[in-house]
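1. the following block contains a protein sequence and its predicted model.
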Amino acid sequence: MAEDSWAQAVDLQESGGISASVKSLSLRPAKEIPRASSSPPPPPPPSSSSPPPPQPPSSSPPPPSSSPPPPQPSPSSSTSSVKSASTAATAAAVSVSTTAGTESAVPDVNGSEVKPQSTTEDDEDKADSAEVSLLNKMIRTNLLVTEQDVEVKQRDPNSPLYSVKSFQELYLKSNLLQGVHKMGFNRPSRIQESALPMMLADPPQNLIAQSQSGTGKTAAFVLAMLSRINPDLNYPQCLCVSPTYELALQTGSVITQMGQFCPEIRLAYAVRGNRVERGVRCEDHIVIGTPGTLLDWCSKLRVVDPRRVRVFVLDEADVMIATQGHKEQSIRIQRMLPPDCQMLLFSATFEDSVWAFATKVVPEPNVIRLRRDEETLDNIRQLYIACDAQEDKFHAISNIYGAITIAQAMIFCHTRRTAGWLAARLTQEGHRVAMLSLCVCLCVCLSVCLSLCLCLSLCVDKTHGRLASCPSHPGGTPCRHAVSVCVSVCVSVCVCLCVSLSVSLCVSLCLCV
Ligand SMILES: Nc1ncnc2c1ncn2[C@@H]1O[C@H](COP(=O)(O)OP(=O)(O)OP(=O)(O)O)[C@@H](O)[C@H]1O
């Protein structure tokens, strides 16, 4: 959206309070929704490729179908946070000098956030936006405190604009307020100051809100959902759509924490693997899920009656539209909701495509936007050089080396190909350059595995085609398992090495940025 369309930039210092109608209540474990298979869903596999589901604090009851949902994570969810780190932070690092222009990863104020920039190179190296989002959530455990201006565009410009400086001003139910304080929230974050009064207003108002990761969006809409629930009504009153299984679980854990003193409120996960029988009504108050499964629950399976939903939250809208099919599925869910259902949409970024989607899903919205500051750490001086072409970047780096003394440096590049190109050019210039990339790591792993394989083959030869220690064939019977043993040992070693290398790469990148 054009900057000048933001008619109303608001100084939130001059804000008043708001009386929100709050009927909040409590949270207790949900009844299990009957599943297609009578056996409980298997726990998520303990593989490196799926992050562990968030654990509710010991003081809080487990979430509803609260044996966290399940299981066969979707293809998009089966990618690892470790991979996220390595791919998102950069595809490759060249140990030499300064960052290579716009292709480098951009750290946030905590030095932790990663945000990939799109280029046309090496698509396979690009980070999945959902992974990046999940990684940011996992890395960031504190609120990102910012003094940025909040821009507010009200649906009705004549209506008074409220913002709050304390949670008490929101007139929350006491057990909900207790949960907020138990989470260590003393006062609303910058975006919460103006978003919460709008979200809790009576009659309910629709909202599109954009602010960067870690500014308190999730906490804000969770509070709004918990506030709207009438626990005497045993059907879903709030739907929350997340782009992936893992992100849904993350939000679920915030609901569980914030509602820890509201045991009557129940939560269900509409995610792949949490199977329900057609026509069996869900009696939980909040359903959080991924677009496809949630759509099935609302339409095909008729587990949720969308006509009774009061609050619809669409989280991570920018990530959502990056996933094929999610946009359409979200719109189809939205179309089933009653006209007076409160629609809330959140996004960390606000490109035109996100805005177009947002306005399609959220009719007559209020809009809140938190401007993003330039982020720097005090002890780091950041400079940038605008380059028109890749070749210019090389010349810029050469000039820096010509102008100042640089003993050692690391250059982060977006793709392996760029890193290789830059390493070659710098080497030609007489610099001593080493290149580090996932590919190099994999080659090392592979060579280690091949040597191992060779050793095992030699062992097999020495015992005339048998493995002396084969438990299946003691006593020297010909062993056909020799090759499979070799292969499986190699594969496991390879996997272990890849994981550990990825972890160390991830850690070193985090430290470097
Ligand atoms: N008012 C508050 N006071 C203190 N901490 C807060 C407050 N609101 C949120 N937080 C904490 O700040 C961190 C980021 O909050 P939250 O996850 O809600 O932000 P977000 O904008 O949704 O970020 P993301 O998109 O990455 O999830 C969380 O650890 C949360 O517990």
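-> It's in.
2. which residues of this protein lie near the ligand?
-> Residues of the chain that fall close to the ligand, judged by Cβ under 6 Å from any ligand atom: 136-137, 140-143, 183-185, 188-189, 192, 213-219, 348. To be clear about C-beta, it is placed using only N, CA and C from the backbone, and glycine gets the same treatment.
3. any quick ChimeraX command for the buried ones out of those residues?
-> Buried residues within those, by 16 or more other Cβ atoms under 10 Å, are selected in ChimeraX with:
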select :136,137,140,143,185,188,189,192,213,214,215,216,217,218,219,348
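4. now, the residues of the chain next to the ligand that are in helices?
-> Those of the residues of the chain next to the ligand mapping onto helices are N136, K137, Q192, K217, T218, A219, per DSSP state H.
5. want to try TSV for the residues you listed, with pLDDT as columns?
-> Formatted as TSV, those follow (pLDDT from 0 to 100):
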residue	pLDDT
N136	72
K137	70
Q192	93
K217	93
T218	95
A219	96
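6. of all pairs in the residues you listed, which one spans the longest distance?
-> Greatest spatial distance in these: N136 and Q192, 18.2 Å, computed using Cβ to Cβ.
7. what about E131, how many residues nearby?
-> E131 has 27 neighbours, counted by other Cβ atoms under 10 Å.
8. now do F312
-> If you count neighbours by other Cβ under 10 Å, F312 ends up with 25.
9. just checking, it is part of a strand?
-> Yes. Assigned with DSSP: H, G, I helix; E, B strand; the rest coil, F312 falls within a strand.
10. who touches it in this structure?
-> Contacts here follow Cβ atoms under 8 Å, 6 or more residues apart in numbering; on that basis F312 touches C238, L239, C240, V241, I333, Q334, L337, C341, Q342, M343, L344.
11. what pLDDT does it get?
-> pLDDT for F312: 98.
12. what's across from it in the sheet?
-> On the basis of DSSP bridges, F312 is bridged to L239, M343.
13. do N366 as well
-> Residues in a beta bridge with N366, per DSSP bridges, are L207.
14. residues touching it, list them.
-> Shown in contact with N366 (Cβ under 8 Å, 6+ apart): V152, K153, Q154, R155, M198, Q205, N206, L207, I208.
15. do I have it right that the fourth one meets I208?
-> No. Using Cβ atoms under 8 Å, R155 is not in contact with I208, being 10.3 Å away.
16. neighbour count winner among those two?
-> I208 (26 against 14).
17. ok, now how distant is the more buried one from K393?
-> 37 Å (Cβ to Cβ, to the nearest Å).
18. just G273 next, same as before
-> According to Cβ to Cβ, G273 stands 45 Å off from K393.
19. which of these two has more neighbours?
-> Using other Cβ under 10 Å as the criterion, G273 and K393 rank with K393 on top: 23 against 18.
20. coming back round to it: tell me which of the contacts of N366 has the lowest pLDDT.
-> Lowest pLDDT of the contacts of N366: R155, 81.
21. got the contact list for that residue?
-> R155 is in contact with Q205, N206, E364, P365, N366, counting by Cβ under 8 Å, 6+ apart.
22. out of those residues, which are buried?
-> Among the contacts of R155, those that count as buried by neighbour count (16+ other Cβ under 10 Å) are Q205, N206, P365, N366.
23. of all pairs in these, which one spans the longest distance?
-> Greatest spatial distance in the buried ones among the contacts of R155: Q205 and P365, 8.2 Å, computed using Cβ to Cβ.
24. touching, N175 and M258? I think so.
-> No. N175 is not in contact with M258 according to Cβ under 8 Å; the separation is 10.5 Å.
25. so between these two, which is more surrounded?
-> M258 (25 against 19).
26. quick check: closest non-adjacent residue to that one.
-> Nearest residue to M258, sequence neighbours excluded (Cβ to Cβ, 6 or more residues apart in numbering): G179, at 4.6 Å.
27. ok, now which ones touch that neighbour?
-> Contacts here follow Cβ under 8 Å, 6+ apart; on that basis G179 touches L226, Q257, M258, G259, Q260, F261, C262.
28. please enumerate the strands of the stretch 351-500 of the chain.
-> 366-370, 411-413, 434-437 (DSSP state E, counting those that start in this stretch).
29. winner for burial among those strands?
-> Most buried of the strands of the stretch 351-500 of the chain, by mean neighbour count (mean count of other Cβ atoms under 10 Å): strand 411-413, with a mean of 26.
30. just checking: what are the partner strands of that strand?
-> strand 92-95 (antiparallel).
31. avg pLDDT for the strand it pairs with?
-> If you average the pLDDT over strand 92-95, you get 40.
32. still on that earlier bit, can you lay out the contacts of G179 as CSV showing secondary structure?
-> Output for the contacts of G179, formatted as CSV (three-state DSSP):
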residue, secondary structure
L226, helix
Q257, helix
M258, helix
G259, coil
Q260, coil
F261, coil
C262, coil
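33. return the member of these nearest to the ligand.
-> Q257 (8.0 Å; Cβ to the nearest ligand atom).
34. now for E328, how many residues are close by?
-> With other Cβ under 10 Å as criterion, E328 counts 12.
35. swap that for I331, please
-> 15.
36. related to what we said a few turns ago, output the contacts of F312 in a markdown table; the columns should cover pLDDT.
-> Below are these laid out as a markdown table (pLDDT from 0 to 100):
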| residue | pLDDT |
| --- | --- |
| C238 | 98 |
| L239 | 98 |
| C240 | 97 |
| V241 | 97 |
| I333 | 97 |
| Q334 | 96 |
| L337 | 97 |
| C341 | 97 |
| Q342 | 97 |
| M343 | 97 |
| L344 | 97 |
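37. pipe the residues you listed into a markdown table and attach neighbour count per row.
-> A markdown table is the format used below for the contacts of F312 (neighbours: other Cβ atoms under 10 Å):
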| residue | neighbour count |
| --- | --- |
| C238 | 28 |
| L239 | 27 |
| C240 | 25 |
| V241 | 30 |
| I333 | 25 |
| Q334 | 20 |
| L337 | 19 |
| C341 | 20 |
| Q342 | 24 |
| M343 | 21 |
| L344 | 29 |
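38. which of the residues you listed sits closest to E283?
-> Distance to E283, by Cβ to Cβ, is smallest for C238 among the contacts of F312, at 13.7 Å.
39. now do the contacts for that closest one.
-> Residues near C238 by Cβ under 8 Å, 6+ apart: M225, R228, I229, H285, I286, V287, V309, R310, V311, F312, V313.
40. and the residue lying closest to the third one once chain neighbours are set aside, what pLDDT?
-> Nearest residue to I229, sequence neighbours excluded (Cβ to Cβ, 6+ apart): H285, at 4.7 Å. Model confidence at H285, given as pLDDT, is 97.
41. tally up the residues packed near H285, please.
-> 31.
42. can you give me the helices in this protein?
-> Taking DSSP H to define them, one finds helices in the chain at 81-89, 129-139, 174-182, 190-200, 217-228, 245-258, 291-298, 317-322, 326-336, 352-361, 390-403, 416-428, 438-462, 482-512.
43. which of these has the lowest mean pLDDT?
-> Looking at the helices of the chain, the weakest mean confidence is helix 81-89, a mean of 30.
44. list the contacts for the residue in the stretch 1-150 of the chain that the ligand sits nearest to?
-> Across the stretch 1-150 of the chain, the shortest distance to the ligand (Cβ to the nearest ligand atom) belongs to L143, at 3.5 Å. Contact analysis of L143 by Cβ under 8 Å, 6+ apart lists S189, G214, T215, G216.
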